[in-house]
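In: sequence plus the predicted model coming up.
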Amino acid sequence: MSKPKLINVLGAGAPKVFSALGRFLDPVQLEQIATDYQRCAELGGNTEPGLVREEGVSFNPRLARVLSLLVSDGKERDPVTLRAALYAATLAVVCGAKLESFVPTELLRVVEAVEEARPSLPEAALVRGVIELDTLRHVHQVNHSVAERVVMLADKEKFLQTGFLALLPAWLQGKLEHALALQLRNVTEQQSL
């Protein structure tokens, strides 16, 4: 498949994201991210276990949302960080696989750091924060009971309070705190019904 076709195929699924990437990445970098995106999607990176969506409602795939948060909200321009984010977001669904079996060598350091309790690299903390934000924003759509969501949110709140927020830029701290507050309010309202 030629480079423009691959980019166009992936761009069809997330046109705004790939358009944004095309504004600052050179063609080789854009092709690499398109290749990584396709590989991660094939590995299940866009899978969202337990998430229930209304039929017929359009939505951005998970990997595209992660890239969008990094590029649009975080103004991230580093191709290594963007590529690493795709693989880190895929980790949740590639359970038990050794990172070396599917993550390109040049990205291993960042992807491994994303998984640390307190990521040691700033770019890894950023990626982890964005993945956490995307997950938090969709808690209300999972098919878990209210009690299960309460536990889920308590775990997220505990994790954020371990000092993780201090590792993040202010824009992401605010978005995480806001998303958590909204989801906590939502489950509190559901508990009172």
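Out: That came through, no problem. Numbers count the residues shown, from 1 in each chain.

In: helices of the chain, start to end?
Out: Ranges of helices within the chain are 3-13, 15-22, 27-43, 62-68, 79-91, 108-114, 122-137, 146-159, 170-191, based on DSSP state H.

In: now those helices in CSV, with mean pLDDT, distance to residue 102 and mean neighbour count?
Out: C-betas here are computed from N, CA, C, even on glycine. Shown next, in CSV, are the helices of the chain (pLDDT from 0 to 100; distance: least, Cβ to Cβ, whole Å; neighbours: other Cβ atoms under 10 Å):
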stretch, mean pLDDT, distance to residue 102, mean neighbour count
helix 3-13, 59, 18, 15
helix 15-22, 90, 22, 17
helix 27-43, 92, 6, 18
helix 62-68, 94, 14, 23
helix 79-91, 95, 7, 24
helix 108-114, 94, 10, 19
helix 122-137, 95, 16, 22
helix 146-159, 91, 25, 14
helix 170-191, 94, 26, 15
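
In: looking at those helices, spot the one closest to residue 100.
Out: For residue 100, the closest of those is helix 108-114, at 6.9 Å, according to Cβ to Cβ.

In: among the helices of the chain, which is nearest residue 99?
Out: The closest of those to residue 99 is helix 108-114. By Cβ to Cβ, the value is 6.1 Å.

In: show me what that closest one is packed against.
Out: Using 3 or more Cβ pairs under 8 Å, 6 or more residues apart in numbering; DSSP states H and E as the contact criterion, the elements in contact with helix 108-114 are helix 79-91, helix 122-137.

In: so how far is the last one off the chain centroid?
Out: In terms of Cα atoms, centre = their mean, to the nearest Å, the centre of helix 122-137 is set 6 Å apart from its chain centre.

In: now residue 110: how far from residue 174?
Out: Using Cβ to Cβ, to the nearest Å, residue 110 is found at 24 Å from residue 174.

In: no, scratch that, I was asking about residue 60
Out: 21 Å.

In: repeat that for residue 85.
Out: Using Cβ to Cβ, residue 85 is found at 20 Å from residue 174.

In: go on, residue 168?
Out: Noted for residue 168: a distance of 9 Å to residue 174, by Cβ to Cβ.

In: same check, this time on residue 65
Out: Noted for residue 65: a distance of 18 Å to residue 174, by Cβ to Cβ.

In: same check on residue 82?
Out: In terms of Cβ to Cβ, residue 82 sits 22 Å off from residue 174.

In: isn't residue 165 right up against residue 177?
Out: Yes - counting by Cβ atoms under 8 Å, residue 165 does reach residue 177; the two are 7.5 Å apart.
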